[in-house]
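Participant: Sequence first, predicted coordinates after that:
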Amino acid sequence: MCATTTRNNTSTRFVPTVRLKQYDVVNTKGEDMGQVQTFVVDMHEGFIAFVLVAFGGFLGISDKWFAIPWPALKWHPTTMKFILDMPEDVLRNAPGMHKDRWLEEIDKWQEKQDLETLDHYYTYYGYESYLGIVQQVVTKRGRRKVEAKFEINKDVAGEFRFKLVAVNGETIAVSEGYTSKESAMKGIDSVKINAFEAVIDDKTV
């Protein structure tokens, strides 16, 4: 038998969405946790945004589906199941969407600011923000012009400071003071690297 196929000669690598309900979600011990309901694709960016999973039998929650970040699920080609390594209490208290109204909710996510809701799903499970992932993809593709710039100035005390400025001229952020321009440049590099992976820590909740 070919290594890339299993029962009923179905592929273990390329799984059409019409077959998703055939595949279960298990924990690292192989215990049943739930079942994949559907994948949700970001058609604007061209990748899987999240997976909707039902944990009805495992958690006893029958009215909610949960948006699980794609990186959280690991495909096991032999058992043809998704492995989710996540504590039960984390899942039990996770934000969810009503199983009959989830489409209404995601249909509202149109603009960039609307993705803060999806960010909440990602950061709750300990993953980097969705907006950060999108920005990384956009940067790698290089298909969009830069929408902001860094400006370096010297303040009245003679220190170098940089600020992040949007295309409309609005200042987004201002740095601390640096004794040299070289240090300010390193600060800019640090922001570029770390901002993509930064999560949202909402202290108002």
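Facilitator: That came in fine, so what should we check first? Numbering: from 1, shown residues only.
Participant: helices and strands around the longest strand anywhere in the chain, which ones?
Facilitator: Looking across the chain with DSSP state E, the single longest strand is strand 32-42. Judged by 3 or more Cβ pairs under 8 Å, 6 or more residues apart in numbering; DSSP states H and E, the packing partners of strand 32-42 are strand 24-26, strand 47-54, helix 56-59. For glycine as for every other residue, the C-beta is placed from the backbone atoms N, C-alpha and C.
Participant: So for Met185, which of these sits nearest?
Facilitator: Met185 lies closest to strand 47-54 among the helices and strands packed on strand 32-42, at 32.5 Å (Cβ to Cβ).
Participant: Looking at the helices and strands packed on strand 32-42, spot the one closest to Tyr130.
Facilitator: Of all the helices and strands packed on strand 32-42, strand 47-54 sits nearest to Tyr130, with 7.1 Å by Cβ to Cβ.
Participant: The closest one to strand 32-42, inter-axis angle?
Facilitator: Between strand 47-54 and strand 32-42, the angle comes out at 150 degrees (axes from the mean of the first three to the mean of the last three Cα atoms, to 10 degrees).
Participant: Extract the C-alpha set from strand 47-54 and format it as CSV.
Facilitator: Extracted in CSV, the C-alpha atoms of strand 47-54 (Å, rounded to 0.1, in the frame of the first residue of the first chain):
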residue,chain,number,x,y,z
PHE,A,47,-4.8,30.7,4.0
ILE,A,48,-6.7,28.9,6.7
ALA,A,49,-7.8,31.4,9.3
PHE,A,50,-9.1,28.9,11.8
VAL,A,51,-10.9,25.6,12.3
LEU,A,52,-14.3,25.3,13.9
VAL,A,53,-14.4,22.4,16.3
ALA,A,54,-17.4,21.0,18.3
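Participant: List of residues touching that strand?
Facilitator: Strand 47-54 is contacted by residues 25, 33-42, 65-70, 73, 82, 84, 97, 99, 102, 118, 121, 130, 137 when judged by Cβ atoms under 8 Å, 6 or more residues apart in numbering.
Participant: and Pro69, bridged to which residues?
Facilitator: Phe50 (DSSP bridges).
Participant: That one touches Tyr121, doesn't it?
Facilitator: Yes. Using Cβ atoms under 8 Å, Pro69 is in contact with Tyr121, at 7.0 Å.
Participant: list the residues that contact both of these two?
Facilitator: Common neighbours of Pro69 and Tyr121 (Cβ under 8 Å, 6+ apart) are 50, 130.
Participant: Val40 reaches Glu105, doesn't it?
Facilitator: No. When contacts are counted by Cβ under 8 Å, Val40 is not listed as touching Glu105 (10.8 Å).
Participant: what about the two, which has more around it?
Facilitator: Remark: of Val40 and Glu105, Val40 carries more neighbours, 18 against 12, as counted by other Cβ atoms under 10 Å.
Participant: Nearest residue to the more buried one in space, please, no chain neighbours.
Facilitator: Ala49 (5.0 Å; Cβ to Cβ, 6 or more residues apart in numbering).
Participant: what do you get for Lys112?
Facilitator: Distances taken as Cβ to Cβ, 6+ apart place Leu131 nearest to Lys112, at 7.3 Å, with adjacent residues excluded.
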